[in-house]
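> Would you be able to build a 3D model of this:
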Amino acid sequence: MNMPFYVSPEQLMKDRADFARKGIARGRSVVVLAYDGGILFATENPSRALHKISEIYDRIAFAAVGKYNEFENLRVAGVRYADLRGYSYDRADVTARGLANAYAQTLGTVFTTESKPLEVELVVAEVGTTALDDQIYRLSYDGSVADERGYVVMGGQAERLGARLGEGWHEALPLGEALTLATTVLGAVGVDGQLLAEGSERSIDVGQLEVGLLDRARPRRAFRRLQGAALAEALPPAENGAEPGAQGEG
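Coordinates of the predicted model:
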């Protein structure tokens, strides 16, 4: 008589977590940081159609790393959640905190009940009327939520890149300095996904960057994308003139 196959719950959860972390680490990092006019999102993304940074609602944005089809489904669900809540109650009742809680329930349920966890990591951010009112929530594959202050890095070499970002970030960074810091941190990872030595960062061409802003000064819909000439103008000259050979792969 064959014995039934048994895996302890602890080992099962560990295997799922390792699987999800490996999938997330294969993606290029996303940097989110507060600047003097709102919240900046930046990532290296050669695709003009498959966005990793998107608007969710009036003053709420979404960024993700991992498997595109999985986090795109979550983004669409978030838009539907926000639209339904804003229509049923009031637009002011749609908050990043509520959306983060909804995502946490979905991620946690999939992680504990499905055979394969979602290979995604998310940031949900909301820009307030003042910097003190800004909210940045980071959600992991298992549904855990972290309330971040000032900045966060997801994907790839997130822990080490976060340390580098923390060394250069301070409150009330001007937009140009925030963009320079973000691109420098993103360029600290080589095309092979390995961390480069400090001082040997890659230059990333403007066409390879995906940048979005939650602009506090905009009256209602705070999200806007920076691309093309507008992005090149916002970046200092030393940052927007990357050599073609320095571009990264998607």
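> Quick one: low-confidence residue ranges for this protein.
Low-confidence segments of the chain (pLDDT under 70): 1-4, 237-250.
> all helices in it, in order from the N-terminus.
Assigned by DSSP state H, the chain shows helices spanning 9-25, 68-88, 96-113, 158-168, 175-186, 229-234.
> So which of the ones you listed is the most surrounded?
Most buried of the helices of the chain by mean neighbour count (mean count of other C-beta atoms under 10 Å) is helix 175-186; its value is a mean of 22. (Each C-beta comes from the backbone N, C-alpha and C, glycine too.)
> Provide the contact partners of it at residue level.
28-29, 31, 33, 35-37, 40, 42-44, 153, 161, 164-165, 168-169, 173, 201, 204, 209, 211, 213, 234-236, 239 (C-beta atoms under 8 Å, 6 or more residues apart in numbering).
> rerun at 7 Å
For helix 175-186, the external contacting residues (C-beta atoms under 7 Å, 6 or more residues apart in numbering) are 29, 31, 33, 35, 37, 40, 42-44, 153, 161, 164-165, 168-169, 201, 204, 209, 234-236, 239.
> starting at the chain centroid, how far to that helix?
15 Å (C-alpha atoms, centre = their mean, to the nearest Å).
> ok, the residue sitting nearest the centre point of the chain - contacts?
Among the residues of the chain, the one closest to the centroid is residue 63, at 3.5 Å (C-alpha atoms, centre = their mean). Shown in contact with residue 63 (C-beta under 7 Å, 6+ apart): 30, 32, 41, 52, 53, 123.
> What sits closest to the first one if chain neighbours are left out?
By that I understand residue 30. What sits nearest to residue 30 in space, not counting adjacent residues and going by C-beta to C-beta, 6 or more residues apart in numbering, is residue 43, at 4.3 Å.
> Including distance to residue 139, could the helices of the chain go into TSV?
Below are those laid out as TSV (distance: least, C-beta to C-beta, whole Å):
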stretch	distance to residue 139
helix 9-25	12
helix 68-88	9
helix 96-113	5
helix 158-168	13
helix 175-186	21
helix 229-234	27
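> what's the closest of those helices to residue 133?
In terms of C-beta to C-beta, the element of these nearest to residue 133 is helix 96-113, at 10.7 Å.
> got a list of contacts for that closest one?
Helix 96-113 is contacted from outside by 16, 56, 60, 74, 78, 81-82, 117-118, 122, 124-126, 135, 137, 139, 141-143, 145, using C-beta under 7 Å, 6+ apart.
> How about stretch 38-52?
28-33, 53, 61, 63-65, 68, 125, 127, 134, 136, 178-179, 182-183, 186, 204, 208-216, 222, 248, 250.
> So what's the gap between stretch 49-62 and the chain middle?
10 Å.
> Between the two ends of it, what distance do you get?
End-to-end span of stretch 49-62 (C-alpha to C-alpha, to the nearest Å): 16 Å.
> Return the set of buried residues in it.
Applying a neighbour-count criterion of 16 or more other C-beta atoms under 10 Å, the buried positions in stretch 49-62 are 51, 52, 53, 54, 55, 56, 57, 58, 59, 60, 61, 62.
> so which two of those residues are the farthest from each other?
Taking C-beta to C-beta, no two of the buried residues of stretch 49-62 sit farther apart than 52 and 58, at 20.7 Å.
> before we move on, the earlier item: among the contacts of stretch 38-52, name the ones in strands.
30-33, 53, 61, 63-65, 125, 136, 209-215 (DSSP state E).
> List buried residues within the contacts of helix 175-186.
If we count by 16+ other C-beta under 10 Å, those have these buried: 29, 31, 33, 35, 37, 40, 42-44, 153, 161, 164-165, 168-169, 201, 204, 209, 234-235, 239.
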